[in-house]
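# need coordinates for the following:
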Amino acid sequence: MRAVTFLVLAAVAGIGITASMPKAEAQVSVAIGIAPDCPYGYYDTVPYGCAPTGYYGPEWFNGDGFIGAGPWFHGSDDFQGNVNNRLHPDNGYKGPAPQRGEKAEPAKKVDSAHFQGNEARDGRGHVAPGKR
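Numbering: from 1, shown residues only. Predicted structure coming up:
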């Protein structure tokens, strides 16, 4: 009898504690910070390292300013721009890449006549349909 009384009191105490606790609301927080400061743009995948000159085609630039990629993309929803994905580390590229904060060298700027793109992408890192 004593054990049953103990169990009932424990159950009542548990219900009372649970009922008195504040209700927690789900929170989702995404902080992406500022875009990487790279002279020729940055890769559109984590860890958003600086891309070498020639990775992005000229349509990715507004004057000398990179329009962004990934979470910092500032182009239109229907934007499609060419990239040279042979210069992406996910595809085995291990060549030189600028560091964050470096300044662009005018002699390295790639114009449309000399760009060697092989893939079209939207600004969020997705391959454009039928453009692989």
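
# and the gap between residue 91 and residue 43?
Distance of residue 91 to residue 43, computed by C-beta to C-beta, to the nearest Å: 11 Å. Glycine gets a C-beta too; all of them are placed from N, C-alpha and C.

# actually residue 67, not the one I typed
15 Å.

# higher neighbour count, these two?
For residue 67 versus residue 43, neighbours defined as other C-beta atoms under 10 Å are more numerous around residue 43 (25 against 18).

# retrieve the pLDDT associated with the more buried one.
Looking at residue 43, its pLDDT reads 95.

# low-scoring stretches of this protein, by residue?
For the chain, the stretches with pLDDT under 70 are 1-4, 6-31, 130-132.

# OK, contacts around the most centrally placed residue in the chain?
Centroid-nearest residue in the chain: residue 70, 4.2 Å away (criterion: C-alpha atoms, centre = their mean). Applying C-beta atoms under 8 Å, 6 or more residues apart in numbering to residue 70 gives the contacts 42, 44-45, 48, 123-125.

# return the subset of the residues you listed lying in strands.
Of the contacts of residue 70, none are assigned to strands by DSSP state E.

# tell me the most packed of these, by neighbour count.
Most surrounded of the contacts of residue 70: other C-beta under 10 Å gives residue 42, at 25 neighbours.

# which strand residues bridge it?
Per DSSP bridges, the residues bridged to residue 42 are residue 50.

# give me the distance between it and residue 48.
5 Å.

# which residues are in contact with both of these two?
Overlap of the contact sets of residue 42 and residue 48 (by C-beta under 8 Å, 6+ apart) consists of 35-36, 70.

# how about these in TSV, adding secondary structure and distance to residue 100?
What follows is these, written out as TSV (DSSP: H, G, I helix; E, B strand; the rest coil; distance: C-beta to C-beta, whole Å):
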residue	secondary structure	distance to residue 100
35	coil	10
36	coil	5
70	helix	15
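
# closest to residue 118 among those residues?
residue 70 (19.8 Å; C-beta to C-beta).

# all helices of this protein, in order?
Counting by DSSP state H, one finds helices in the chain at the ranges 2-20.

# now the strands for it?
Using DSSP E, strands in the chain cover 61-62, 65-66, 81-83, 119-121.
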